[in-house]
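J.: Dropping a prediction and its sequence here:
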Amino acid sequence: MRLPAAINALPTTVFGSTTASVQELMAADAALRMPLPLVRRIGVVHLRGGAGASSTAAAVASTLARRRAGHVLAVNASAGTSHVLRQAGLPLGAVQSDEQSRVSPKRLADAVAGLPRTPSGVFAYDLQSGGDRDTPVPSTTWFERVTPIARFFDAIVTDWGVRAWQLDLGQVAAASHTVCVVARADRFAAEEAAAVVPALLEHEDRPAVVLVLVDVGDGRESIVADAVADGPTPVVWMPFDSARGGSRPVGSRALATRSRIAVRRLTMTLLTSGVGR
């Protein structure tokens, strides 16, 4: 699928811009709303905790749900309780049911039966439900439970949590059209994340890869820019936002304008990377 010229013209590397032109935002919205030939599977992962992968995944899923006519599914395959579904606003006590209807679904109602929805309209699928939250969900569970229902959604955003690059990242690549690698915006974390990008790009399933650097308050934008600027993949900078530092998830309206713009840029990049290849 060919992308609109205005979208192709957008920069693929974004470092800390605090403003955005009306044209850029219009192009981003056009990309987020455009028809897609297949469901887009986006896998969000990080090599070390504390980088904000779950909140990033939640922001992307919520943005897609608000702007697309089709349905969006967020999947939690990470360890712990501060996962994508929680960050997207789903209460901790929310319960999902009707697992059997998703084994061989014949219609959308079967695929979403018993799945709660977040305030933004994202269908929430917790693969950890009833399981051990101290360890990430095996990739085999994702393939067994998500694959049968995938065709009923416009986009699927999976929070894979922390995964080891030697084995688990290969499975994330196999499950994703686009892999979103999230890292803290310091030189060590950025270079570590950038080092796994070539292997992901060379995976037999050929996923697109987007590197996301999250400023957690150190303000090391220029240093990190030099460290990863020449890489083979788009890099999106997520600016520091004190609203993200609380113990409870926050909606997009609580974020600074530059944070909301960065989320929209990131979502557009994830949705369109690799389309038409």
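T.: Okay, I see it.

J.: Which strand or helix spans A189?
T.: A189 is located in helix 187-201, with elements delineated by DSSP states H and E.

J.: Given the helix or strand that comes right after that helix, what are its sheet partners and their directions?
T.: Counting by DSSP H and E, the element after helix 187-201 in chain order, helix or strand, is strand 208-214. Strand 208-214 sits in its sheet next to strand 178-184 (parallel), strand 235-238 (parallel), going by DSSP bridges.

J.: for these, which one sits closest to G80?
T.: strand 178-184 (15.1 Å; Cβ to Cβ). C-beta coordinates here come from the backbone N, C-alpha and C atoms, glycine included.

J.: now the closest one against helix 187-201, angle please.
T.: 170 degrees (axes from the mean of the first three to the mean of the last three Cα atoms, to 10 degrees).

J.: now strand 178-184: mean pLDDT?
T.: Across strand 178-184, pLDDT averages out at 94.

J.: what do you get for stretch 254-268?
T.: So the average pLDDT for stretch 254-268 ends up being 86.

J.: thinking again about what came up before, for P116, which of the strands paired with strand 208-214 is the nearest?
T.: strand 178-184 (23.6 Å).

J.: which of the residues in that closest one are buried?
T.: T178, V179, C180, V181, V182, A183, R184 (16 or more other Cβ atoms under 10 Å).

J.: Who does the fourth one form a beta bridge with?
T.: In this case it means V181. V45, L211.

J.: in the stretch 101-250 of the chain, which spans are helices?
T.: For the stretch 101-250 of the chain, the helices defined by DSSP state H, counting those that start in this stretch occupy 108-112, 139-146, 168-174, 187-201, 221-228.

J.: looking at these, which is closest to V44?
T.: Of all the helices of the stretch 101-250 of the chain, helix 168-174 comes closest under Cβ to Cβ, at 9.0 Å.

J.: now the closest one, how far from the chain's geometric center?
T.: In terms of Cα atoms, centre = their mean, to the nearest Å, the centre of helix 168-174 is found 15 Å from the chain centre.

J.: which strands and helices sit next to it?
T.: Packing partners of helix 168-174 (3 or more Cβ pairs under 8 Å, 6 or more residues apart in numbering; DSSP states H and E): strand 40-46, helix 139-146, strand 178-184, helix 187-201.

J.: who's in contact with it?
T.: Outside helix 168-174, the residues within contact range by Cβ atoms under 8 Å, 6 or more residues apart in numbering are 43, 45, 136, 139, 142, 160, 163, 179, 196, 199-200, 203, 205, 207.

J.: And the most centrally placed residue in the chain, which helix or strand is it part of?
T.: Centroid-nearest residue in the chain, with Cα atoms, centre = their mean: A57, separated by 3.7 Å. Assigned by DSSP H and E, A57 falls within helix 53-67.

J.: I'd like the mean pLDDT over whichever helix or strand comes after that helix, please.
T.: The helix or strand immediately downstream of helix 53-67 is strand 72-76, counting by DSSP H and E. Here strand 72-76 scores 97 as its mean pLDDT.

J.: CA-only coordinates of strand 72-76, as PDB, when you get a sec.
T.: The C-alpha trace of strand 72-76 is given here as PDB (Å, rounded to 0.1, in the frame of the first residue of the first chain):
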ATOM      1  CA  VAL A  72      -8.100  -2.400  18.700                       C
ATOM      2  CA  LEU A  73      -6.800  -5.100  21.100                       C
ATOM      3  CA  ALA A  74      -4.200  -4.700  23.800                       C
ATOM      4  CA  VAL A  75      -2.600  -7.800  25.100                       C
ATOM      5  CA  ASN A  76      -0.600  -8.200  28.300                       C
END
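
J.: Can you name the residues in contact with that strand?
T.: Looking at what lies outside strand 72-76 - Cβ under 8 Å, 6+ apart - the contacts are 57-58, 61, 64-65, 83-85, 88, 118, 121-128, 137, 142, 146, 149, 153-159.
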